[in-house]
Each structure stands twice: as structure tokens, then as C-alpha cells.
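# Sequence first, then the predicted structure:
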Amino acid sequence: MRDDNTRNTIIFVVCAVLLLLVYQVFVIDPQTKRRQAELARQAPSAAATQQGNIAAPQVPQAMTRQAAVDASPRVVIDTPSLTGSLSLRGARIDDLYLDQYRQTVKKGSPAVELLRPEGAQYPWFAEIGWVGQNVPGLPNAQTVWTLAEGSKLAPNQPIVLTYSNGQGLTFTRRIAVDERYMFTVTDAVANTTGQPVTLARYGAVQRQGVPADLGKNQIVHEGAIGWLDGKLRQVKYGKWQKEGGGPAYTSSSGWLGITDKYWLAAMIPGQGEQITGQFRRTEALGQTVLDANFVGPPRIIGAGQQVTETTHFFAGAKNVPLLRQYEKALQIDHFDNAVDWGNFWFLTRPIFQFLEFIHRHVGTFGLAILALTVVVRLLFFPLANKQYESLTKMKKVQPQMEELRKKYKDDPAKQQQELLALYQREKVNPLAGCLPLLLQIPVFYALYKVLTVTIEMRHAPFLGFIKDLSARDPTTIWNLFGLIPWNPGTLPLLGGFLDGPLHIGVVVILYGITMWLTTAMSPPAGDPIQQKIFQLMPLIFTFIMAPFAVGLIIYWTWSNVLTILQQYVIMRRFKVDNPIDQILRRLSGGGAAKNVG
């Protein structure tokens, strides 16, 4: 088998990535900008069809967020992790900020907003209640509850709400919250109607419209999510809005909700109770309404009797250790699957656990990434050693290969036969260098997922100028890496490119240099055209990698450095000239000898 088969495969992959990049820049990005401009011109609407016989309120449109908050009586929510309020109209949890997370790394950046009330643009809220056939007077979205106990909702300070429908049913709701993100809602219904009443518990997380910047990430799941009927159920925003959320699932345990990249709002019914969960899409007043809801089993409340149901509601950051704590404490099935571990979850999970372990000892995820790189290199060391030995032998016999190609250029069959004989004689395996590379691809992808989806990487600083390992390299060559006080993105016409696909930072440049060295230390391709393509690959991949998370580029650059050191030692052992020695000789004024002793 010819050695350039592998090169052809790599060239194909590179071309495919370049085509995707061009498509993103010239097709997807302009479409997104046009959609954002269109949404900015549209007045928002916010009426929705609720679960069962719950009527949706007709809220005045085009409200500011604060006006929507002020439109109903409220109870303050104040915890070490959350601030906001609960609406007494509908008893909705619909106004939350995550105090421990900021929108940007800039000083004074406001807290991340999670939930917002109906009436504002893109409302996102939680609602819990009861449904029943031919049962009048059930509380709905317009019902104003009475605050019976408590003045604000805080840890160890629950509140109690009450509502009487005037027809023999009294509803009592106790809401508690812990120091992080879990609400506990306990509902009791007392029946004094003189006859049995059948009701079912329901809970819903609802979004009315989705901001244009959500659901575009192909790596991270955003949209409907839940563990239902023993499986992880996911529907991306785009499909949810166009096609709906799919069938209803009958499940005896689990949870469901709506997730963005780092945040989650999820209903958790009583575990062991059979519920029906569904992701629905409806239309109301020209607005697409998305809701993840569950309905519990019917409960017969006899005359003079009372039933009680407890539901948990999570609203916060997808912090993996915290999700696992809740999973254990409340016996929630697979709650840490709220984090999108991906198809390589069997690698992504242990990689995250290792990074988390190292972080606890070194204090920064940047150093943890460097330590992970060393561990990965050690694990692949035996295979990598064979790979680099094979590449070194290939480089050593390169002159003989060139002679055979010239000698039998008109007889491809004979040329292939002689090359195979040369490989056998010199104990060279052209394919030996492929396996370690292929095995590292899943590890590379798994680390990319970890850096992209886990909130522990968000705004994690490193090396002073890197404030967020999950974001791209903050520096750019176009302002001399910050020495010139100028934002290249403000340049007319070219600003979008200089601050987009042409945003080349110092870490990316270091990556490109290390990739050039690893390429230069490999045997050249036999075909002149392929040689030129491979010479351009470090430059091409520098631009390809530029938009990636800087933490990932640090991993790959450090991995390249370790590769270079390993290759250098092997090439010196086999007495094969290499670019490092050539550079050192030029710097010292020596010649450019072809072999080293």
C-alpha cells in the first residue's frame, strides 16, 4: 500500500473542514445577522396555551423586563446563588439571576439572567399546578395567590401560598429553596365539596420564542432535555421550533426541562411516580411557545380529604459536582446528563474528572490541561514511539524512495513493487504512523467537548492575559496583541473578518509554529503537489484553529511540543537530520549538513 494514501485522506479532511469554514463565514453568519436584525424589528408577543385547561394570560406586549416584573405582585427570592422574585399571579418562578456568574469577564459585568417573566421579550419561566376534567375553579396563570406565611424566599425561610376557589377546593403551596439552585414545591389540595374530585399534578418549563443566538452551536446541545423512559431525550431548539418536540413519554422516574449551553431549568417529579412527559410546541398570537411539561397520575380526592404532592425545580448552572450531589440526595436518575457529554462520553467524563481532580491541587484549569496533556502523551507513548520511529525511518530512506520513483516513473507497478521491497528491507511500515493519530482523535474531541460544555471552564483564567479558557484567544495580531489600543472589529468592511475568521492570537501562532515543526520533522510526500499542500497545512490549520477555545489550543500546542521533543530524540538516535538541528547550526554559523553524528 502506498504511503500517500494516508496523505490523500488527510488532504480530503482538510478540504472538507475548509469548505465548512467558508460556508459558515459566507452563508450561515450572514443569515444569522439578518435574522437578528429581523427579530430586533419585531415586537415581541407573550401569550401561550398552557397545560390542560389552564388559560394563558393576555399580557401587554413590548414591555421592558422590569415592567413585566412590576406587572404582578411578587415575593423576593434571595439566596447566595440566586436573586429575583416569584410572581403571586400564577405562582410562577419567573424572575431569576445567577449571582455567582457574570455575563462577561469584564469588571462590573452584570449577573447572568436565567428566567424572565411573561410580557418581556423571550420569557422563560416555570409553572406548577393541577389539571382535571370538568373541575371548575382550578388555579391558573391568572390566579393571584395569597402570601400566607413568610416575607421572602430564602434558604431556611420557606413561604406558604394559599388559594381558595370558592367552590370547596383549597390549595396550599409551600415553596422552599436551598443555597444553590433547587426549589422544593409541596402542594396540598383539600376537598370540602362533598363529593370526590380527580386531579393530576403538572409542571412545565416554558419559553416563548428563542433568541437568535441560541441553538446555533453544533457541538453543544441547546433545547429540550430530559431523562424519560430510561433514556436521555434531547430536541434542539431548531428542530423543536420547526417540527415539535416528538411523542409523549411514560416514565416512572426522571426529569425534563430546557437547557442552554451552561444553564438549566428542569422539573423533577416525585421519583418512582409514573408521569407522562412531553416537549410541546404551540403557537399563540404569532409566537412560538415551547414547553417541557409533565403530568402525574390522576389522584382521587375524596370528600373531606386532602392530597399532597412534592415537585422539585432546578434553576441554575450545570455544575457537574452539584448535579451529582442532587442526583444522589434526591435519587434523580442520570441528572448529570444535563451536561452534553457527547458520543464519546466514556472519554469525556473521565477527562473532566481528571481535570477537576488536578484543578483542586494546582488551582487553575490551565495547569490542569497541561498535566492532562502529559498524561495522554504517556498513555500513548508506546504507540507514539513506534509511530515516530517509523516516520524517522521513512525520512531516512527518503532519498532511496526518490531514486526509485524517478527510475520507474513510467512503470507504476514496478515502482510500487520496488518501494514495498525497500520498506521490507529497511523494516519500514508506512502505515505505522496512522494508528496513534487515529486513536488521539477521540481524545481531542472529548477534550473539546469538556472545554466547551462544562461550566467549570467558563471564565477560567490562565497566564494573565487569558481570562476565559472556554473562549477563543483574546489577543490578535492586527493590534499587535493589544499593544495598539484599537479594536480591529471596528474597521469598515474588513472588521468582521479581522475579528472573525482572521482573528489570529499569540497562542494560535505558537500552535502554528509547533505544527510547522512537527510537519517539517516528518518525511515529505512523494508527489510535489502534495509536498506544497503539506507545507501549507500549518498555515491552514492556524486559521482553522483560531476560533476554537484557547484552552483546546493550549492543549494541542503543548502536545505538539511534547511530540517535537520525542521526535527529536528519536531522530538523533537514528542519526537523521532534523529542522531543529538545522536551525541551531544556522544560529551558530555552522553549515547545513545532511546527517548528524
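The structure has been received and is ready for your questions.
# Could I get the pLDDT score of residue 437?
On pLDDT, residue 437 comes in at 67.
# please renumber so the chain begins at 31
OK, 31 is where the count begins now, so the last one is residue 467.
# does residue 295 count as helix, strand or coil?
With DSSP: H, G, I helix; E, B strand; the rest coil as the basis, residue 295 sits in strand.
# In contact with it, which residues?
The contact partners of residue 295, by C-beta atoms under 8 Å, 6 or more residues apart in numbering, come to 144-145, 154, 156, 235, 287-289, 343-345. Where you see a C-beta, it was placed from the backbone N, CA and C, and this is true even at glycine.
# so where's the stretch 381-530 of the chain shaky on pLDDT?
For the stretch 381-530 of the chain, the stretches flagged by pLDDT under 70 are 460-467.
# The contacts of residue 295 in strands, which ones?
144-145, 154, 156, 235, 287-289, 343-345 (DSSP state E).
# Export those as TSV, with columns for pLDDT and distance to residue 618.
TSV is the format used below for the ones in strands among the contacts of residue 295 (pLDDT from 0 to 100; distance: C-beta to C-beta, whole Å):
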residue	pLDDT	distance to residue 618
144	97	61
145	97	65
154	96	65
156	97	70
235	97	67
287	97	64
288	97	63
289	96	58
343	98	69
344	98	63
345	98	64
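# What separation do you get for residue 161 and residue 242?
With distances taken as C-beta to C-beta, to the nearest Å, residue 161 is found 33 Å from residue 242.
# ok, now how distant is residue 443 from residue 434?
Taking C-beta to C-beta as the measure, residue 443 falls 13 Å from residue 434.
# who has more neighbours, the two?
Legend: neighbour count by other C-beta atoms under 10 Å for residue 443 and residue 434, higher for residue 434 (20 against 8).
# Test my guess that the more buried one contacts residue 452.
Yes. Between residue 434 and residue 452 a contact is recorded at 6.6 Å, counting by C-beta atoms under 8 Å.
# ok so, going back, distance to residue 105 and neighbour count added to the contacts of residue 295, as JSON lines?
Shown next, in JSON lines, are the contacts of residue 295 (distance: C-beta to C-beta, whole Å; neighbours: other C-beta atoms under 10 Å):
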{"residue": "144", "distance to residue 105": "17", "neighbour count": "22"}
{"residue": "145", "distance to residue 105": "14", "neighbour count": "22"}
{"residue": "154", "distance to residue 105": "19", "neighbour count": "26"}
{"residue": "156", "distance to residue 105": "14", "neighbour count": "27"}
{"residue": "235", "distance to residue 105": "20", "neighbour count": "29"}
{"residue": "287", "distance to residue 105": "22", "neighbour count": "25"}
{"residue": "288", "distance to residue 105": "23", "neighbour count": "28"}
{"residue": "289", "distance to residue 105": "26", "neighbour count": "24"}
{"residue": "343", "distance to residue 105": "15", "neighbour count": "23"}
{"residue": "344", "distance to residue 105": "19", "neighbour count": "25"}
{"residue": "345", "distance to residue 105": "15", "neighbour count": "27"}
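# Closest to residue 271 out of those residues?
Taking C-beta to C-beta as the measure, residue 271 lies nearest residue 288 of the contacts of residue 295, at 12.4 Å.
# How about that closest one, nearest residue that isn't a chain neighbour?
residue 235 (5.0 Å; C-beta to C-beta, 6 or more residues apart in numbering).
# how far away is that neighbour from residue 339?
To residue 339, residue 235 is 17 Å away according to C-beta to C-beta.
# who touches whichever strand or helix holds residue 130?
Element membership for residue 130, per DSSP states H and E: strand 122-132. Contact partners of strand 122-132, identified using C-beta under 8 Å, 6+ apart, comprise 99, 104, 107, 110-117, 139-148, 153-157, 171, 213, 292-293, 343, 345-347, 485, 488-489.
# Quick one: residues contacting the residue nearest in space to the middle of the chain.
Centroid-nearest residue in the chain, with C-alpha atoms, centre = their mean: residue 483, separated by 3.0 Å. Taking C-beta under 8 Å, 6+ apart, we find residue 483 in contact with 249-250, 291, 369-372.
# Scan the chain for its longest strand.
Secondary structure of the chain per DSSP E: the longest strand is strand 317-331.
# List the buried residues in that one.
317-326, 329, 331 (16 or more other C-beta atoms under 10 Å).
# Look at the closest residue to residue 474 other than its chain neighbours and report its pLDDT.
Using C-beta to C-beta, 6+ apart and skipping the chain neighbours, the partner closest in space to residue 474 is residue 586 (7.4 Å). Reading off the confidence values, residue 586 has pLDDT 88.
# SS state for residue 586?
helix.
# Give the burial count for it, as a bare number.
Residue 586: 21 surrounding residues under other C-beta under 10 Å.
# next one: the one 3 residues further on
Summarising burial for residue 589: neighbours were counted as other C-beta under 10 Å, giving 24.
# Touching, it and residue 404? I think so.
No. Using C-beta under 8 Å, residue 589 is not in contact with residue 404; the gap is 9.2 Å.
# For residue 452, the count of nearby residues, please.
Neighbours around residue 452, by other C-beta under 10 Å: 15.
# Double-check that it belongs to a helix.
Yes. Counting by three-state DSSP, residue 452 is found in a helix.
# got a list of what it touches?
427, 430-431, 434, 458.
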